[in-house]
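Engineer: return a 3D structure for these sequence lines:
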Amino acid sequence: CEEIDIGEDAPRAIASGLVPYYTLEQMQDRKLIVVANLKPRSLVGFKSNGMVLCASKTSADGTTTVEFVDPPASSQPGDRIIVEGIPLTEPLSASKCDKMKAFEVVAADLKVDENGFATWRGHRLVSLASGEVATVPTVRDAPLK
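Structural biologist: Model prediction:
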């Protein structure tokens, strides 16, 4: 369970399953992207209130690499990440997102491209505040989860 500052009054408790890939020190005080409008889910004995967006790729030898999708360096907690070139709309509420299974539909087309840019259907994910692109350090051509 992580407590993550997403620009609200209090940090959100989020279960991520990242313990096999990151130490506590690697996770502390870093910027990342959280899918925040998901309905809370009970995971490992507590309510998880969002999802940390990561790229994941398994190599031929079976080794899995998982990396955070990094927001632009200028991003602040609570900054929205949008899809470049797609008309801006208000985010769905958590209950509407759940009812429509919206994240499942969107997630199928989220990936990191050959340049390390986080994308949805080929459109880059960018900060609404700065227009800068969200990136992944080394994983390429892989799904975002």
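Engineer: measure stretch 125-145 end to end?
Structural biologist: Using CA to CA, to the nearest Å, one end of stretch 125-145 lies 14 Å from the other.
Engineer: and it, how far from the chain's centre?
Structural biologist: 9 Å (CA atoms, centre = their mean, to the nearest Å).
Engineer: and it, what's buried?
Structural biologist: Buried residues in stretch 125-145, counted by 16 or more other CB atoms under 10 Å: Leu125, Val126, Ser127, Ala129, Val133, Ala134, Thr135, Val136, Val139, Ala142, Leu144. Bear in mind the C-beta positions are built from the backbone N, C-alpha and C, glycine included.
Engineer: and stretch 64-81, by the same measure?
Structural biologist: Val66, Glu67, Phe68, Val69, Asp70, Pro71, Pro72, Ser75, Asp79, Ile81.
Engineer: quick one on the thing from earlier: could I get the buried residues of stretch 125-145 as JSON lines with distance to Ala10, secondary structure and pLDDT?
Structural biologist: Output for those, formatted as JSON lines (distance: CB to CB, whole Å; DSSP: H, G, I helix; E, B strand; the rest coil; pLDDT from 0 to 100):
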{"residue": "Leu125", "distance to Ala10": "26", "secondary structure": "strand", "pLDDT": "98"}
{"residue": "Val126", "distance to Ala10": "27", "secondary structure": "strand", "pLDDT": "98"}
{"residue": "Ser127", "distance to Ala10": "23", "secondary structure": "strand", "pLDDT": "97"}
{"residue": "Ala129", "distance to Ala10": "22", "secondary structure": "coil", "pLDDT": "95"}
{"residue": "Val133", "distance to Ala10": "29", "secondary structure": "strand", "pLDDT": "98"}
{"residue": "Ala134", "distance to Ala10": "25", "secondary structure": "coil", "pLDDT": "98"}
{"residue": "Thr135", "distance to Ala10": "28", "secondary structure": "strand", "pLDDT": "98"}
{"residue": "Val136", "distance to Ala10": "29", "secondary structure": "coil", "pLDDT": "98"}
{"residue": "Val139", "distance to Ala10": "31", "secondary structure": "coil", "pLDDT": "97"}
{"residue": "Ala142", "distance to Ala10": "33", "secondary structure": "strand", "pLDDT": "98"}
{"residue": "Leu144", "distance to Ala10": "26", "secondary structure": "strand", "pLDDT": "97"}
